[in-house]
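J.: okay, here's the prediction I keep looking at, along with the sequence it came from:
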Amino acid sequence: QVQLQESGPGLVKPSQTLSLTCIVSGGSIRTSAYYWTWIRQPPGKGLEWMGAITYSGSTYYSPSLKSRTSISRDTSKNQFTLQLSSVTPEDTAVYYCAGGTTRSLYKVDRNDYAYWGQGTQVTVSS
């Protein structure tokens, strides 16, 4: 079955760029009509949709994060990457990667996704 695994540093300093990778196994990120998404959950807050990259490489971003966010993919490694620049302590959160069809676009409910990673804690602190 398809599995998603987030990887990256657990601690990032303020003003630096956070970089996380989602490794997809058991399926291809080029599967037609699939969107590969990053979602985060700050402590004590709800889930926040950050952005997505499609099976064809098109990208969509949250308007509130667009200026600091970049999502890319490496089809040879079957993985996609999130980069969030100029981080502050407010970017401290559990970061999840997820995969779903077009209905998942902009959604944060796990039921709207076919696949969901276990999440990785990222803390922004000096």
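T.: Here it is on my side, so go on.

J.: middle-most residue in the protein, spatially?
T.: The centre of the chain sits closest to residue 38, judged by C-alpha atoms, centre = their mean, with a distance of 2.1 Å.

J.: can you pull out the strands in this structure?
T.: Secondary structure of the chain (DSSP state E): strands located at 3-7, 11-12, 18-25, 35-41, 48-54, 59-61, 69-74, 79-84, 93-100, 115-116, 120-124.

J.: show me the contact partners of the first one.
T.: In other words, strand 3-7. Under the criterion C-beta atoms under 8 Å, 6 or more residues apart in numbering, residues 20-26, 95-99, 115-120 lie in contact with strand 3-7. Where you see a C-beta, it was placed from the backbone N, CA and C, and this is true even at glycine.

J.: can I get the strands of the chain in CSV with mean pLDDT?
T.: Converted to CSV, those look like this (pLDDT from 0 to 100):
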stretch, mean pLDDT
strand 3-7, 97
strand 11-12, 98
strand 18-25, 98
strand 35-41, 98
strand 48-54, 98
strand 59-61, 98
strand 69-74, 98
strand 79-84, 98
strand 93-100, 98
strand 115-116, 97
strand 120-124, 98
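
J.: who wins for proximity to residue 106 among the ones you listed?
T.: With respect to residue 106, and counting by C-beta to C-beta, the nearest of the strands of the chain is strand 48-54 at 5.5 Å.

J.: compute the inter-axis angle for the closest one and strand 79-84.
T.: Taking axes from the mean of the first three to the mean of the last three C-alpha atoms, to 10 degrees, one finds strand 48-54 and strand 79-84 inclined to each other by 140 degrees.

J.: next one: strand 48-54 to chain centre, how far?
T.: 6 Å (C-alpha atoms, centre = their mean, to the nearest Å).
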